[in-house]
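# need a structure here:
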Amino acid sequence: MSTLWDTNGSAIVKELAAQRRTGGAVMSGVALTLVVVADEDRVQEAEAAAAAAAEVHPCRLLIVVRRQVEAPSPRLDAEVLIGGRLGPGEAVVMRMYGRLGLHAESVVLPLLAADAPVVTWWFAAPPGRIETDALGVIANRRITDSWMAEDGMAALQLRAEDFAPGDTDLSWTRSTPWRATLASTLDAVVGRRGGPVAVLGGHVVGDPGNPTAQLVAGWISARCGCPVTVEAGQRTTGSKGIDTVVLTLDQDEEVRLTDDRKGGAVISQPYRPDSTVALPKRSLGELIGEEMKRLDSDEPYREALEAATGVTGLAARQPVREHRWFDPMRPLPASAPTAPDVPADSVEDDEVAATGTDGDDDGGDDSPQEETP
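Residues are numbered from 1 along each chain as shown. Sure, this is the predicted structure:
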């Protein structure tokens, strides 16, 4: 590992090449570049998760920490590692001070692996608009986490309004074991009947303010074409947001999946004894690794997001984003004063029309005058 203080992007590239020559070719090629945007107080957790994902998906890891954006002078400190604590590949941890943090792409772009896709993950409250962060614009796949926002449902709504193919959310990834178990349970009902099964409705018991619970309800609604609601439960649910899922089937049957709080779930279905399946809580690294498996548009997520938020037309949006510059250090300009309305009757209300003057106190002529040389 090498630490570069008050450095620049060119020095980081040279240091990577030097370590590659000294230590040998640790990796002959990488599948992608993973760009992680994290706050300083979450860097260690982000490093552990990214390293776990990098062990499964060989990648070049770039961690961006924006620190003290208000600092008067820009500065870049970097750690360059090859085959170290951040996995078997190449990794760079960059701490950016001052306004350099607002232009992080100027340092990141030269470090991207050649001819490899880019995945950007925000391990922080999701950005208001991804188009305002160039690290998201350059990515083929963009990973946010609405659960980390102060208002998870407002963040989920914003993700729908700002959606583009290639976007995903870890709130959706957390629901994978629930969705897989529900799908296999319905398959078992189909096998018992020897015919199709119609889902007439259902509800999710858990936290109505949790994005994962809302996305599961939206996924069932979109797939089955029936209304599914989220109802408040009596037990705390944590980040997953779900305690029980109940599906109402045709032929007066019901399927129920309940968290047993022991790392599993109890399946209740007609004409079968209750059974327990594994439903373990997965680590953050496992969630990131799952999302790095695919780089195309996640259509089930899009459908669930539409159903959960009511925002439609997401499939027609373009996957390529256009960067829009936004300076968080500069307040929005004040709105211009509204011009006075022209009165309908200028005889009484227009002073110039009535008196031939503009009403100034000096009584002088306001017409342009030639300057005296």
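# shouldn't residue 142 be in contact with residue 136?
Yes: shown here, residue 142 and residue 136 form a contact pair, counting by C-beta atoms under 8 Å, at 5.1 Å. (Glycine included, C-beta is placed from N, CA and C.)
# Dead centre of this protein: give me the residue that sits there.
The centroid of the chain falls nearest to residue 144 when counting by C-alpha atoms, centre = their mean (2.1 Å).
# which ones are touching residue 150?
Residue 150 is in contact with residue 125, counting by C-beta atoms under 8 Å, 6 or more residues apart in numbering.
# On the three-state scheme, it is what?
coil (DSSP: H, G, I helix; E, B strand; the rest coil).
# So which elements touch the longest helix along the chain?
Ordering each helix of the chain by length in residues (DSSP state H) puts helix 176-193 first. In terms of contacts (3 or more C-beta pairs under 8 Å, 6 or more residues apart in numbering; DSSP states H and E), helix 176-193 is packed against helix 211-224, strand 242-249, strand 253-259, strand 264-268.
# hang on, the earlier thing: contacts only, for the residue nearest to the centre of the chain.
Counted by C-beta under 8 Å, 6+ apart, residue 144 has contacts 122, 126-127, 130, 159, 167-170.
# In CSV: those residues, plus pLDDT and neighbour count.
As requested, the contacts of residue 144 are exported to CSV (pLDDT from 0 to 100; neighbours: other C-beta atoms under 10 Å):
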residue, pLDDT, neighbour count
122, 96, 24
126, 74, 25
127, 78, 18
130, 92, 26
159, 95, 26
167, 95, 26
168, 95, 24
169, 96, 26
170, 96, 25
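# which among these gets closest to residue 248?
When these are ranked by distance to residue 248 (C-beta to C-beta), residue 169 comes first, at 27.7 Å.
# contacting residues around that closest one?
126, 143-146, 156, 159, 211, 215, 301.
# Lowest-confidence member of the residues you listed, which is it?
Lowest pLDDT among these: residue 126, with 74.
# tell me the contacts of that residue?
144-146, 148-149, 155, 158-159, 169.
# Can I take it that it is in a helix?
No: counting by three-state DSSP, residue 126 is located in no helix; its state is coil.
# so residue 259 makes contact with residue 244?
Yes: between residue 259 and residue 244 there is a contact under C-beta under 8 Å: 7.0 Å.
# Looking at these two now, which is surrounded by more residues?
With neighbours defined as other C-beta atoms under 10 Å, residue 259 and residue 244 compare such that residue 259 has more, 22 against 19.
# joint contacts of residue 142 and residue 136?
The contact lists of residue 142 and residue 136 share 120, 130, where a contact means C-beta under 8 Å, 6+ apart.
# quick one: the strands in the stretch 1-150 of the chain?
2-4, 32-38, 59-67, 75-82, 90-97, 118-123, 141-144 (DSSP state E, counting those that start in this stretch).
# As JSON lines, these with distance to residue 181 would be great.
Formatted as JSON lines, these follow (distance: least, C-beta to C-beta, whole Å):
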{"stretch": "strand 2-4", "distance to residue 181": "46"}
{"stretch": "strand 32-38", "distance to residue 181": "29"}
{"stretch": "strand 59-67", "distance to residue 181": "30"}
{"stretch": "strand 75-82", "distance to residue 181": "39"}
{"stretch": "strand 90-97", "distance to residue 181": "35"}
{"stretch": "strand 118-123", "distance to residue 181": "26"}
{"stretch": "strand 141-144", "distance to residue 181": "23"}
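# Can you list the low-confidence ranges for the protein?
23-29, 328-373 (pLDDT under 70).
# how close does residue 54 sit to residue 247?
38 Å (C-beta to C-beta, to the nearest Å).
# that older thread, wait, which of the strands of the stretch 1-150 of the chain is closest to residue 230?
strand 141-144 (20.5 Å).
# pull the CA atoms of that closest one into PDB?
The C-alpha trace of strand 141-144 is given here as PDB (Å, rounded to 0.1, in the frame of the first residue of the first chain):
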ATOM      1  CA  ARG A 141     -25.400   0.700 -13.400                       C
ATOM      2  CA  ARG A 142     -26.300   2.900 -10.500                       C
ATOM      3  CA  ILE A 143     -27.000   1.600  -7.000                       C
ATOM      4  CA  THR A 144     -28.700   3.600  -4.300                       C
END
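# gap between that strand and the chain center?
Relative to its chain's centre, strand 141-144 lies at 5 Å (C-alpha atoms, centre = their mean, to the nearest Å).
# Name the strands paired with it and say parallel or antiparallel.
strand 118-123 (parallel), strand 167-169 (parallel) (DSSP bridges).
# Can you identify the element that follows that strand toward the C-terminus?
helix 152-161 (DSSP states H and E).
# So which elements touch that next one?
strand 167-169, helix 211-224, helix 299-309.
# If you count neighbours, what's buried in that helix?
Under the neighbour-count criterion of 16 or more other C-beta atoms under 10 Å, helix 152-161 has 152-153, 155-160 buried.
# I'd like to know which of these is nearest to residue 207.
The closest of the buried residues of helix 152-161 to residue 207 turns out to be residue 152 (C-beta to C-beta; 8.8 Å).
# so how far is residue 238 from that closest one?
13 Å.
# Relative to the whole chain's centre, how far out is stretch 36-45?
15 Å.
# what's in contact with it?
Contacts to stretch 36-45, defined as C-beta under 8 Å, 6+ apart, come from residues 46, 50, 61-67, 93, 95, 104, 120-124, 133, 135, 284.
# residue contacts, the closest residue to residue 270 other than its chain neighbours?
Once flanking residues are discounted, residue 270 sits nearest to residue 253: 4.5 Å by C-beta to C-beta, 6 or more residues apart in numbering. Neighbour list for residue 253: 189, 269-270 [criterion: C-beta under 8 Å, 6+ apart].
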